[in-house]
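Participant: Kindly return the folded structure for what I paste below:
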Amino acid sequence: MYQEVGLRSKNAWTPEIDVRIANPPAALLAKYTQKEKAFFYDYAHFVVRLLQDENVTDRIHQVISAERIVTEKPVDIRVMVFPARTFRGRQNRILHGSYSESASQISQEGLDLFRGGSDNLSQRKLRLLYEISESAVSTMIHEILHVKFQQREMSRYGEEALVQKLERQFMQGWEEWILVPVQQALSMVS
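Facilitator: Numbering: from 1, shown residues only. Here you go, the predicted structure:
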């Protein structure tokens with residue numbers, strides 16, 4: 001599966017950003033059941049649709065413009081399908097939804113989280129989708145901020161601390177504008 005979204009330049013020095021779902025290796029796909037794959041692909045597609053929303057792309061371009069991020073190459077952002085491992089090699093235990101790795105189960109409630117409009121969802125599920133959305137947009141902004149510092153001779157830890165500080169600044173007030181992108185991403189379900 002491959003889906004690409006171009007966040008086109010708004011001026012001469014803003015980079016082009018391509019967002020797509022990463023193609024997981026066949027060995028990784030074989031580890032999951034059909035139910036698990038469906039859940040994680042629905043999750044990834046939701047994130048891509050969210051990042052396609054005009055409100056989100058405008059916010060991203062504001063970050064690029066404010067930080068004067070310049071790159072001569074397009075920026076390739078890949079939305080991972082399955083839970084990632086941390087830098088220390090341990091599996092990331094934080095996953096939005098109701099997936100249990102030890103039992104290898106996804107609850108029925110979790111399966112329909114990304115498949116339908118926001119009108120049919122409980123307040124708890126909507127809150128969960130807002131958290132997922134905040135995490136996705138925050139991660140996108142975080143990675144784009146790394147583009148700014150890629151040419152500088154900074155330590156990895158110094159760069160990471162600076163990127164996290166800027167990310168928090170740009171994410172202030174996210175709850176005021178995220179509602180519409182979440183509703184749009186849910187309404188675009190195919």
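Participant: Around residue 49, how many other residues sit close by?
Facilitator: For residue 49, the neighbour count with other Cβ atoms under 10 Å is 22. Glycine gets a C-beta too; all of them are placed from N, C-alpha and C.
Participant: What of residue 61?
Facilitator: Residues near residue 61, counting by other Cβ under 10 Å: 18.
Participant: Secondary structure element for it, which one?
Facilitator: Using DSSP states H and E, residue 61 maps to helix 54-66.
Participant: May I see the buried residues of that helix?
Facilitator: Buried positions in helix 54-66, judged by neighbour count with 16 or more other Cβ atoms under 10 Å: 55, 56, 57, 59, 60, 61, 63, 64.
Participant: so the fifth one touches residue 140, yeah?
Facilitator: Right, the one you point to is residue 60. Yes - if you go by Cβ atoms under 8 Å, residue 60 and residue 140 touch, sitting 6.4 Å apart.
Participant: just the strands in the chain please.
Facilitator: Along the chain, counting by DSSP state E, strands occupy 4-7, 17-21, 75-79, 99-100, 105-106.
Participant: What distance do you get for the residue positioned nearest the centre of the chain to residue 181?
Facilitator: Residue closest to the average C-alpha location in the chain (Cα atoms, centre = their mean): residue 136, at 3.0 Å. Using Cβ to Cβ, to the nearest Å, we find residue 136 at a distance of 10 Å from residue 181.
Participant: got any residues that touch both of the two?
Facilitator: The contact sets of residue 136 and residue 181 overlap at residue 50 (Cβ atoms under 8 Å, 6 or more residues apart in numbering).
Participant: could you give the angle of the helix holding residue 61 to strand 17-21?
Facilitator: 140 degrees (axes from the mean of the first three to the mean of the last three Cα atoms, to 10 degrees).
Participant: report the longest helix in this protein, please.
Facilitator: helix 123-149 (DSSP state H).
Participant: Mind checking the pLDDT average for that helix?
Facilitator: Average pLDDT, helix 123-149: 85.
Participant: Sweet, I'm off.
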